[in-house]
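Undergrad: Sequence first, predicted coordinates after that:
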Amino acid sequence: MIADQQLLERITNNPHIIMGKPIIRGTRLTVAYILGLFAHSATHDEILEEYKGLAAEGLGACRLVAQSHCL
């Protein structure tokens with residue numbers, strides 16, 4: 001399993017991409033957007049099927065970000 005720090009490295013923000021919102025590295029998918037999909041009952045597999053270039057670790061990183069901000 002990938003360590004938490006390695007997962008968090010998959011999240012980045014750049015003021016020139018989507019106004020600096022945290023995104024999954026190499027995509028234009030924001031963490032908030034992915035978390036919204038999960039909140040609306042989308043499954044891991046459904047999201048990965050819809051966004052072919054997205055790796056499962058990116059989804060794990062989004063969940064880790066949410067978890068760390070809720071503590």
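TA: Arrived safely.

Undergrad: Who are the packing partners of the longest helix along the chain?
TA: The longest helix of the chain (DSSP state H) is helix 56-69. Secondary-structure packing of helix 56-69 (3 or more Cβ pairs under 8 Å, 6 or more residues apart in numbering; DSSP states H and E): helix 4-8, strand 11-12, strand 23-24, helix 31-39, helix 44-50. Backbone N, C-alpha and C define where each C-beta goes, glycine included.

Undergrad: Could I get these in a markdown table, plus columns for mean neighbour count?
TA: Below are the helices and strands packed on helix 56-69 laid out as a markdown table (neighbours: other Cβ atoms under 10 Å):
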| stretch | mean neighbour count |
| --- | --- |
| helix 4-8 | 13 |
| strand 11-12 | 15 |
| strand 23-24 | 23 |
| helix 31-39 | 16 |
| helix 44-50 | 13 |
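
Undergrad: Show me the shaky parts of this structure.
TA: Low-confidence segments of the chain (pLDDT under 70): 1, 70-71.

Undergrad: switch to 80 and redo it
TA: 1-2, 69-71 (pLDDT under 80).

Undergrad: can you tell me which of the helices and strands packed on helix 56-69 comes nearest to H69?
TA: helix 31-39 (9.6 Å; Cβ to Cβ).

Undergrad: From the contact counts, what lies against the closest one?
TA: Judged by 3+ Cβ pairs under 8 Å, 6+ apart, the packing partners of helix 31-39 are strand 23-24, helix 44-50, helix 56-69.
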